[in-house]
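**Q** Fold the following for me, if possible:
(one chain, ligands or ions: 2)
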Amino acid sequence: MSQPNNPADPPAESGPEVRAEGGLVAELEQMTAAERAEHEAEVAEVVAPDREIAVGMGETLLELDAVTVQFGGLVALDSVSFQIRRGEILGLIGPNGAGKTTCFNAMTGVYRPSSGNVLLEGAPLRKASRHAITQLGIARTFQNIRLFGEMTALENVVVGTDARHKTSVIGALLRLPRHHHEERDAVDRAMALLEFVGIADRAADKAKNLPYGYQRRLEIARALATEPKLLCLDEPAAGFNPQEKEELMGLIRKIRDDGYTVLLIEHDMKLVMGVTDRIVVLEFGKKIADGLPAEIRENPAVIAAYLGVPDDDVA
Ligand SMILES: Nc1ncnc2c1ncn2[C@@H]1O[C@H](COP(=O)(O)OP(=O)(O)OP(=O)(O)O)[C@@H](O)[C@H]1O
Ligand SMILES: [Mg+2]
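**A** Ligands and ions are numbered 1, 2, ... in the order given. I've put the predicted structure just below:
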């Protein structure tokens with residue numbers, strides 16, 4: 001689905017409609033702070049079931065090992081290596097065309113590296129299909145929003161939960177009890193996810209009718225529905241005003257605090273510096289830096305890349 005003409009659509013709070021799920025919204029408004037906190041904890045639990053946060057915190061979750069991606073003569077990624085540790089928010093930055101989205105595509109089976117490996121929990125993805133990679137635990141959002149415009153927000157998220165279903169197609173056709181359970185669980189969980197990302201009040205609206213900011217959040221909810229080990233966000237705050245960006249960063253922190261690992265592509269430096277634990281910098285398909293936000297901010301090669309100074313002048 002393409003981006004609406006006006007990315008600065010007002011956030012839905014200012015809209016008149018509190019629709020099918022208005023009951024929930026009204027209920028939330030009447031809660032005391034303590035009740036609200038308890039409710040949010042319950043939602044967070046539904047959003048991240050069976051997550052063993054403490055167990056693997058800090059160990060390598062995903063590794064790019066000398067990954068090269070070529071398009072004809074163009075080397076979009078040139079032997080790029082970095083690691084994502086469990087429980088962190090890793091920023092992936094670099095000027096336009098640096099290869100950031102190509103990294104996501106190489107990690108999610110859209111493109112095959114011409115050489116090198118992507119390893120999830122130590123196991124190379126090799127030729128795993130996109131669907132298989134989703135099931136293994138990598139989910140992403142897209143730089144240009146891709147939603148099912150004619151489906152409701154809730155349905156878009158239920159589609160995401162489908163990736164985790166255990167019943168076969170035959171089970172679904174025969175309407176086996178297990179399928180019924182999974183269907184109900186999927187709807188409950190999808191609703192919890194919409195609430196988690198802050199758009200439950202528009203659950204019954206078609207995706208194409210949602211304000212732009214809501215569509216971005218819906219994409220995140222749909223990706224979370226697959227219960228990923230790693231959530232990859234490709235410029236989720238593109239087109240947002242400063243306040244919307246700040247709110248989105250709050251959501252990304254909340255996602256991490258709920259036990260997910262996040263890889264974030266974002267151009268806004270202030271925002272990246274504020275939310276990430278570590279940062280990897282690409283330029284012309286090569287990794288030029290990797291470190292803590294404070295180190296990256298001071299790194300001459302990074303400063304040069306952003307100011308457009310030729311490398312020779314920096315060295
Ligand atoms: N499918 C493709 N076919 C040919 N070239 C491609 C393809 N996808 C990407 N490229 C090229 O690879 C390079 C890296 O592109 P990529 O989209 O990964 O950059 P990016 O860092 O995400 O940039 P942006 O910040 O503009 O989104 C660019 O030169 C781009 O034109
Ligand atoms: Mg990109």
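**Q** give the contact list for Leu61.
**A** Residues near Leu61 by Cβ atoms under 8 Å, 6 or more residues apart in numbering: Ile84, Arg85, Arg86, Leu120, Glu121, Lys229, Leu230, Thr261. All C-beta atoms are positioned from the backbone trio N, CA, C, and that covers glycine.
**Q** Show only the entries of these found in helices.
**A** Judged by DSSP state H, helices contain none of the contacts of Leu61.
**Q** Farthest pair within these?
**A** Arg85 and Leu120 (13.0 Å; Cβ to Cβ).
**Q** which ones among the contacts of Leu61 are found in strands?
**A** Under the assignment DSSP state E, these contribute Ile84, Arg85, Leu120, Leu230, Thr261 to strands.
**Q** could I get these as CSV with pLDDT, distance to ligand 2 and neighbour count?
**A** Output for the ones in strands among the contacts of Leu61, formatted as CSV (pLDDT from 0 to 100; distance: Cβ to the ion, whole Å; neighbours: other Cβ atoms under 10 Å):
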residue, pLDDT, distance to ligand 2, neighbour count
Ile84, 97, 18, 24
Arg85, 95, 23, 16
Leu120, 96, 22, 20
Leu230, 96, 18, 22
Thr261, 95, 20, 25
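**Q** for those residues, which one is nearest Met249?
**A** Checking the ones in strands among the contacts of Leu61 against Met249 by Cβ to Cβ gives Thr261 as the nearest, at 16.4 Å.
**Q** I figured that closest one was touching Ile252, is that so?
**A** No: between Thr261 and Ile252 there is no contact under Cβ atoms under 8 Å: 11.5 Å.
**Q** can you pull out the strands in the stretch 201-315 of the chain?
**A** Taking DSSP state E, counting those that start in this stretch, the strands of the stretch 201-315 of the chain run over residues 230-234, 261-265, 278-283, 286-291.
**Q** again with the stretch 1-150 of the chain
**A** Using DSSP E, counting those that start in this stretch, the strands of the stretch 1-150 of the chain run over 60-71, 74-85, 89-93, 115-120, 123-124, 138-140.
**Q** thinking again about what came up before, list residues touching both of Thr261 and Ile252?
**A** Residues touching both Thr261 and Ile252 (Cβ under 8 Å, 6+ apart): Ile89.
**Q** tally of neighbours for whichever residue of the chain sits closest to ligand 2?
**A** Closest contact between the chain and ligand 2, by Cβ to the ion, is at Thr101 (3.1 Å). A count of neighbours around Thr101, defined by other Cβ atoms under 10 Å, yields 19.
**Q** Am I right that it is in contact with Arg140?
**A** No: taking Cβ under 8 Å as the definition, Thr101 is not a contact partner of Arg140, at 9.8 Å.
**Q** Show me the common contact partners of these two, please.
**A** Contact criterion Cβ under 8 Å, 6+ apart; residues shared by Thr101 and Arg140: Asp234.
**Q** Near ligand 2, which residues of the chain? Just list them.
**A** Residues of the chain lying near ligand 2 by Cβ under 5 Å from the ion: Lys100, Thr101, Gln143.
**Q** and of the strands of the stretch 201-315 of the chain, who's closest to Glu219?
**A** Nearest to Glu219 among those is strand 230-234 (8.6 Å), distances taken as Cβ to Cβ.
**Q** Neighbouring strands of the closest one in the sheet, and parallel or not?
**A** Each strand paired with strand 230-234, and its direction, by DSSP bridges: strand 138-140 (parallel), strand 261-265 (parallel).
**Q** show me where pLDDT drops low in this protein?
**A** Applying pLDDT under 70 to the chain picks out residues 1-29, 41, 44-57, 162-183, 308-315.
**Q** So which residue is dead centre in it?
**A** Centroid check for the chain by Cα atoms, centre = their mean gives Leu233 as the closest residue, at 3.5 Å.
**Q** that older thread, can you tell me how far the residue of the chain closest to ligand 2 is from Asn241?
**A** 23 Å (Cβ to Cβ, to the nearest Å).
**Q** what's stretch 289-302 in contact with?
**A** Defining contact as Cβ under 8 Å, 6+ apart, one finds that stretch 289-302 is touched by 82, 91, 93, 269, 272-273, 276-281, 283, 288, 311, 314.
**Q** Drop anything exposed from these.
**A** 82, 91, 93, 269, 272-273, 276, 278-281, 283, 288 (16 or more other Cβ atoms under 10 Å).
**Q** farthest-separated two in these?
**A** Across these (Cβ to Cβ), the longest gap, 19.0 Å, separates Phe82 and Met269.
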